[in-house]
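S.K.: This is a predicted model, with the sequence first.
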Amino acid sequence: MNESLDSIEKTSYEGREIKSDDFKSELNYLKDRITKFKHQIIEDISSKSDQLKDEIQIILNKSEFQFTGTDISLAQSVRMKHGSGVKEKVFVHRESLLTELFKISHIKTFRHIFISILIIICAQILIYDYTTFGKINLDFDLFWWSFQGFQTTMIIYWLPMQLSALFLVYFFFKLWALKRHKTNSILIDGIFLILCIVYFLLMIVVPLYNIYSVSVACRIIILLEQVRILMKSYAFVRSNITSVLNHVVYNKKNDSDRPKSTGCPEFSKYLYFMFAPTLVYKSEYPRTKKVNWKLVFSYFAEIGGVIIYTYCLFDRFCVPIFSKVVVKELDLKSYLHLISISILPGALIQMMIFFSFLHSWHNAWAEMLRFGDRQFYLDWWNSCSFNTYYRTWNTLVQDWLYNYIYIDVNKLLGKKNRALSQFLVIFISSIFHEHILSFIFGFFYPIMFFLFSGFGFICLFIPRGNNAAWNVFVWVSLFTGIGIQVCLFSIEWNARKQCPRYFDSVLDYFVPRSIMCSLF
């Protein structure tokens, strides 16, 4: 490349007499030289880059391993802690995957297709009401029923949970750090441990008190916020206990008159973490320079559109069908028929939950808080196994489970019991899912538990390849699973209204009434 630049320089000076009195001519001449140098450098770099890419591709073709976009994204998200063999979460500036994909016009068209389907479904509902009842029904009865008691939810439930998490957790942890700094007492550690257990138990029990006084959508808000606060509080305490203990040891070794740090982070860092769209605590996160409020409003508009979309799906495909079901007359053929009907609306609802919650909701908060790392999910739609799907569907929860559950459990059980550690992580995640679903609907029906920790766990050990057939298998399994859940939960909901109580005790909550109604 140096030879080519020298040749350009030589040819540029040949046969040319420099004129000192023509400044503009000389300036244009220098600009021309710089432009030629620039183009020559770009061409040389491009040529070398193409050669390097070809060499890398040859190496990958010879290798027995196949690397996917998910593997590369996961590799960029973690790093190994020195000497521990444990992966550490790395936060960097990056956009969500859909945000990047929507910059491509061909991919953006798929969003337009979903919007078109929403318009068609709304039009279909209006036409059905007009042709059947002679008028257009715009009461949105199901919508208002779902959010009945919203003000009570925010004042009686949401606000106290936020205040307790913001002040009680930090206050007691700060107090423990100060006491631990002054004296090395097992009693102090024991008291703090008891306080943590009491707080977590109260956070689980108190929000459930009289929860059925509000409607379904409000219960979802309460339960999701309850789980979020529990996970965030545990992450903060678990992450900073080591820091406090390390500072205690350091201060003992370096006894001086200078003020000593307790290792407890500032309240501002804790406050930011409690609202930032992440479940892994760090003292610092990558931040963007400014807030794009136009983008924030567009994300909330997407959430509003998804709520309307979901309402239309339930109003058009679920309520008219399951409201006519007589539970006592159902047999195996009826169940299979209803499951097949539930697969399509269930699949669309799953897509809506992913887009509104994992993409729009978290990106809106990330933009408002200038949170730089927006990798809330990976390309789970390309998953060829449930192992990959579990790791990429919701990386927020996956990171929390790995950092605060799997690592500790794996240390206790040993590396030889890795499968047992994986099962315990999936089991704990299933319990949280069942906790949310059971209190939303008002009955315990562990369908997701068996699908998630049963069939899903078995699928972790099925050999697979990175081809279209396995990807189709994952999609069919997901759609079938969500169809089964929509069908069975809807039938059990009707059974609670149609069938009498078979148990006067707490068993009525745990025993599916639809099964009892079909048997007796």
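M.R.: Received it, and whenever you're ready, just let me know what you need. Numbering: from 1, shown residues only.

S.K.: Spatially central residue for this protein, please.
M.R.: Nearest to the mean C-alpha position of the chain, by Cα atoms, centre = their mean, lies residue 394 at 3.5 Å.

S.K.: Got the confidence number for it?
M.R.: For residue 394, the pLDDT comes out at 89.

S.K.: tell me the mean pLDDT over the one helix or strand residue 122 maps to?
M.R.: Using DSSP states H and E, residue 122 maps to helix 105-133. For helix 105-133, mean pLDDT is 81.

S.K.: from the chain's centre, how far out does it sit?
M.R.: Its chain's C-alpha centre and that of helix 105-133 lie 27 Å apart, by Cα atoms, centre = their mean, to the nearest Å.

S.K.: same check, this time on stretch 199-208
M.R.: The answer for stretch 199-208 is 23 Å, by Cα atoms, centre = their mean.

S.K.: Can I get it in CSV, CA atoms only?
M.R.: The C-alpha trace of stretch 199-208 is given here as CSV (Å, rounded to 0.1, in the frame of the first residue of the first chain):
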residue,chain,number,x,y,z
TYR,A,199,-39.2,-9.1,54.4
PHE,A,200,-39.3,-11.6,51.5
LEU,A,201,-42.1,-13.6,53.2
LEU,A,202,-44.1,-10.4,53.8
MET,A,203,-43.5,-9.3,50.2
ILE,A,204,-44.9,-12.7,49.1
VAL,A,205,-47.9,-12.8,51.5
VAL,A,206,-49.1,-9.2,52.0
PRO,A,207,-49.8,-8.3,48.3
LEU,A,208,-52.0,-11.4,48.0
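
S.K.: Quick one: mean pLDDT over it.
M.R.: For stretch 199-208, the per-residue pLDDT averages 91.

S.K.: mind listing what's buried in that stretch?
M.R.: 199, 200, 203, 207 (16 or more other Cβ atoms under 10 Å). C-beta coordinates here come from the backbone N, C-alpha and C atoms, glycine included.

S.K.: Out of those residues, list just those in strands.
M.R.: Among the buried residues of stretch 199-208, no member falls in strands (DSSP state E).

S.K.: Can you list the residue ranges for helices in the stretch 51-200 of the chain?
M.R.: 69-77, 97-101, 105-133, 141-146, 150-152, 159-163, 169-182, 186-205 (DSSP state H, counting those that start in this stretch).

S.K.: wait, which of those is closest to residue 351?
M.R.: Closest approach to residue 351 among the helices of the stretch 51-200 of the chain (Cβ to Cβ): helix 105-133, 7.8 Å.

S.K.: Just send the helices of the stretch 51-200 of the chain back as TSV, with distance to residue 483 too.
M.R.: Below are those laid out as TSV (distance: least, Cβ to Cβ, whole Å):
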stretch	distance to residue 483
helix 69-77	26
helix 97-101	24
helix 105-133	18
helix 141-146	21
helix 150-152	30
helix 159-163	34
helix 169-182	40
helix 186-205	31
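
S.K.: between the ones you listed, which gets nearest to residue 364?
M.R.: The nearest among those, by Cβ to Cβ, is helix 97-101 at 12.0 Å.

S.K.: can you pull the buried residues of that closest one?
M.R.: Here helix 97-101 shows 97, 98 as buried, counting by 16+ other Cβ under 10 Å.

S.K.: Just the residues contacting it, thanks.
M.R.: Contacts with helix 97-101, where a contact means Cβ atoms under 8 Å, 6 or more residues apart in numbering, come from 73, 107, 108, 355, 359, 363, 374, 375, 377, 378, 379.

S.K.: Repeat the analysis, applying 6 Å as the threshold.
M.R.: Contact with helix 97-101 is made by 107, 359, as judged by Cβ atoms under 6 Å, 6 or more residues apart in numbering.

S.K.: tell me the mean pLDDT over that helix?
M.R.: 89.

S.K.: Could you do stretch 330-341 as well?
M.R.: Here the average pLDDT along stretch 330-341 is 88.

S.K.: and if you look at stretch 503-519?
M.R.: 83.

S.K.: Ends of it, what's the gap?
M.R.: Length of stretch 503-519, first residue to last, Cα to Cα, to the nearest Å: 14 Å.

S.K.: got the buried residues for that stretch?
M.R.: 512, 513, 514, 515, 516, 517, 518.

S.K.: need the contact list for the fifth one.
M.R.: For residue 516, the residues meeting the contact criterion (Cβ under 6 Å, 6+ apart) are residue 502.

S.K.: mind running it again at 10 Å?
M.R.: Applying Cβ atoms under 10 Å, 6 or more residues apart in numbering, we find residue 516 in contact with 327, 495, 499, 500, 501, 502, 503, 508.

S.K.: cool, and the second one?
M.R.: Under the criterion of Cβ under 10 Å, 6+ apart, the contact partners of residue 513 comprise 327, 443, 445, 491-503.

S.K.: How much space separates it from residue 502?
M.R.: 7 Å (Cβ to Cβ, to the nearest Å).

S.K.: now residue 452
M.R.: 27 Å.

S.K.: Of those two, give the one with the bigger neighbour count.
M.R.: Using other Cβ atoms under 10 Å, the more surrounded residue of residue 452 and residue 502 is residue 452, with 20 against 14.

S.K.: State the pLDDT value of that one.
M.R.: 73.

S.K.: hang on, it in a helix?
M.R.: Yes - membership of residue 452 in a helix is supported by DSSP: H, G, I helix; E, B strand; the rest coil.

S.K.: so which helix or strand takes in the residue nearest to it when sequence neighbours are not counted?
M.R.: Leaving aside its chain neighbours, residue 452 sits nearest to residue 430 (4.8 Å; criterion: Cβ to Cβ, 6 or more residues apart in numbering). Taking DSSP H and E as the criterion, residue 430 maps to helix 418-441.

S.K.: pLDDT (mean, whole number) over the helix or strand following that helix?
M.R.: Sequence-wise, the next helix or strand downstream of helix 418-441 (DSSP H and E) is helix 447-449. Here helix 447-449 scores 84 as its mean pLDDT.

S.K.: How about stretch 146-161?
M.R.: 88.

S.K.: Can you list the neighbours in contact with it?
M.R.: By Cβ under 10 Å, 6+ apart, stretch 146-161 touches 140, 144, 203, 206-211, 213-223, 225-226, 228-230, 307, 310-311, 314.

S.K.: Among those, name the buried ones.
M.R.: If we count by 16+ other Cβ under 10 Å, the contacts of stretch 146-161 have these buried: 203, 207, 211, 214-215, 217-223, 225-226, 229-230, 307, 310-311, 314.

S.K.: pLDDT weak spots in the stretch 351-500 of the chain?
M.R.: Scanning the stretch 351-500 of the chain for pLDDT under 70 picks out 453, 456-457, 459-466.

S.K.: one more time with 80, if that's ok
M.R.: Scanning the stretch 351-500 of the chain for pLDDT under 80 picks out 387, 414-419, 422-423, 452-467.

S.K.: From the contacts of stretch 146-161, which land in strands?
M.R.: Per DSSP E, those never map to strands.

S.K.: So which of those residues belong to helices?
M.R.: 144, 203, 216-223, 225-226, 228-230, 307, 310-311 (DSSP state H).

S.K.: which ones are touching residue 224?
M.R.: Contacts of residue 224 (Cβ under 10 Å, 6+ apart): 357, 436, 440.

S.K.: Let's have these in TSV, adding neighbour count and distance to residue 188.
M.R.: Output for the contacts of residue 224, formatted as TSV (neighbours: other Cβ atoms under 10 Å; distance: Cβ to Cβ, whole Å):
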residue	neighbour count	distance to residue 188
357	15	40
436	18	35
440	18	40
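
S.K.: Could you single out the nearest of these to residue 336?
M.R.: Of the contacts of residue 224, the one sitting nearest to residue 336 (Cβ to Cβ) turns out to be residue 440, at 25.7 Å.

S.K.: who touches the closest residue to that closest one other than its chain neighbours in this structure?
M.R.: Excluding the flanking residues, the one nearest residue 440 by Cβ to Cβ, 6+ apart is residue 219, at 4.9 Å. The neighbours of residue 219, taking Cβ under 10 Å, 6+ apart as the test, are 146, 149, 153, 157, 207-208, 211-213, 436, 439-442.
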